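> Quick one: sequence and predicted model below, then my questions.
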Amino acid sequence: MAERRFAHPVLDAPSLGEAPVAVRLLGEEFVLWRDGDGQPRAARDRCPHRGTRLSLGRVCDGQIECPYHGWRFDAAGRCVDIPALPGFTPPASHGLAVSLLGEAHGLLWLHLDADAVLPRFDAEGDARLRKLNVGPYDVAASAPRIVENFLDLAHFGFVHEGWLGDRGHTALADYRIEPTATGFVAQGCRAWQPQSNRLAAEGSWVDYRYEVTAPYAAVLTKLPQRQDGYRDEIALFVCPVDEERSRVWFRMALTDFDSSDEDLRAFQHTIFTQDQPVLESQSPRRLPLTRGEVHCAADRSSAAYRRFLREAGITFGVVQ
């Protein structure tokens, strides 16, 4: 599966505390916990003994304990205790298959392959920008549908009327698509927006730049022309729960240091919850790559994204 080459977000980092947490990724169940040093760990959510879900158990001294017979597993997945057999040293066959679980952008990222790549978010290291996360949102749509919507400019005047667009400014100017190693960049995009961000007091033209940084990740840069020096960097990170369900986060990097976290999250929440019912109404929920939908010249980013998925061999959550 080509998706294994990429790390995927599965949980807000602060949400993983003293108890194990169950997550689902690419149709498979995993359990997350923190070891004795507080480091995040991940394994298949199945005890090798009798198939019980380990996420129903507990964490003891950094070891995850099965709720059925109390078998315990350490950070490396080794079975270190079988209570019914004191003194017995379990062999390697009694252990768990663990996966790397890293922390970045306020999220925990599951690496199914050891060399899986984390999507870039260059704004993360910019101290001039304020960082916060919005989400998660559980969406009854495939991950590619959600990314494609994020890249789409033509829906602003309809889905986000009065916010990111209006019906008097629906025509799209030409913009450029440039392929990259991780996807593509769309540059030269412009949109008229009545309220481009929480601080906007009047409508303005906004310069947009999109970059696809992984199959299910993209970054938007917004530069409102009437707010000198203002800049938004918004990363979309989508967890492909299964072929028709996703979990969505936004990582915000903003010039706005004055607004409260609550106000900034409320603005982004309004925008995405306008998108969500439209996304969940699309049929099929999986993105058609080669058939089933018609296209027009305004779908340039969508066409580039679908081409990228085909060339990358991405088949999860898409209809061939």
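That came through, no problem.
> how close does the closest residue to Q63 other than its chain neighbours get to V159?
Distance criterion C-beta to C-beta, 6 or more residues apart in numbering; nearest residue to Q63, sequence neighbours excluded, is R72 at 4.5 Å. Just so you know, the C-beta spots here come from the backbone N, C-alpha and C atoms, and that holds for glycine as well. From R72 over to V159 the distance is 50 Å, taken as C-beta to C-beta, to the nearest Å.
> same deal with T270?
Where V159 is concerned, T270 sits at a distance of 12 Å (C-beta to C-beta).
> Counting neighbours, go ahead and name the busier of those two.
Counting neighbours by other C-beta atoms under 10 Å for T270 and for V159 shows that V159 has the greater number, 18 against 13.
> Helix, strand or coil: sort out the closest residue to the more buried one other than its chain neighbours for me.
Leaving aside its sequence neighbours, V159 sits nearest to Q274 (C-beta to C-beta, 6+ apart; 5.3 Å). Secondary structure assignment for Q274 (DSSP: H, G, I helix; E, B strand; the rest coil): helix.
> Could you give the number of residues near Q274?
16.
> what's around A2, how many residues?
So A2, with other C-beta under 10 Å, has 12 neighbours.
> Assess the claim that it and V318 are in contact.
No. Using C-beta atoms under 8 Å, A2 is not in contact with V318, being 10.9 Å away.
> how far out from the middle of the chain is stretch 214-221?
9 Å (C-alpha atoms, centre = their mean, to the nearest Å).
> May I have the beta-bridge partners of M252?
Taking DSSP bridges, one finds L132, I234 as the beta-bridge partners of M252.
> Would you quantify the distance from it to D35?
30 Å.
> out of these two, which sits in the more crowded spot?
Between M252 and D35, counted using other C-beta under 10 Å, the more crowded position is M252 (21 against 16).
> Give me the below-cutoff pLDDT ranges for the stretch 201-320 of the chain.
Within the stretch 201-320 of the chain, the ranges that satisfy pLDDT under 70 run 201-202, 224-229.
> So which residues of this protein form helices?
For the chain, helices defined by DSSP state H occupy the ranges 143-150, 156-159, 261-281, 300-312.
> May I have the longest one as PDB, with CA atoms only?
Provided in PDB are the C-alpha atoms of helix 261-281 (Å, rounded to 0.1, in the frame of the first residue of the first chain):
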ATOM      1  CA  ASP A 261      -7.500  31.000  20.800                       C
ATOM      2  CA  GLU A 262     -11.300  30.600  21.100                       C
ATOM      3  CA  ASP A 263     -12.000  33.300  18.600                       C
ATOM      4  CA  LEU A 264      -9.400  32.000  16.100                       C
ATOM      5  CA  ARG A 265     -10.800  28.500  16.400                       C
ATOM      6  CA  ALA A 266     -14.300  29.700  16.100                       C
ATOM      7  CA  PHE A 267     -13.600  31.400  12.700                       C
ATOM      8  CA  GLN A 268     -11.900  28.300  11.300                       C
ATOM      9  CA  HIS A 269     -14.700  26.100  12.700                       C
ATOM     10  CA  THR A 270     -17.300  28.200  10.900                       C
ATOM     11  CA  ILE A 271     -15.500  27.700   7.600                       C
ATOM     12  CA  PHE A 272     -15.000  24.000   7.900                       C
ATOM     13  CA  THR A 273     -18.500  23.200   9.200                       C
ATOM     14  CA  GLN A 274     -19.800  25.000   6.100                       C
ATOM     15  CA  ASP A 275     -17.700  22.500   4.000                       C
ATOM     16  CA  GLN A 276     -18.500  19.400   6.000                       C
ATOM     17  CA  PRO A 277     -22.200  18.800   4.900                       C
ATOM     18  CA  VAL A 278     -21.200  19.400   1.300                       C
ATOM     19  CA  LEU A 279     -18.300  16.900   1.600                       C
ATOM     20  CA  GLU A 280     -20.600  14.300   3.300                       C
ATOM     21  CA  SER A 281     -23.200  14.700   0.600                       C
END
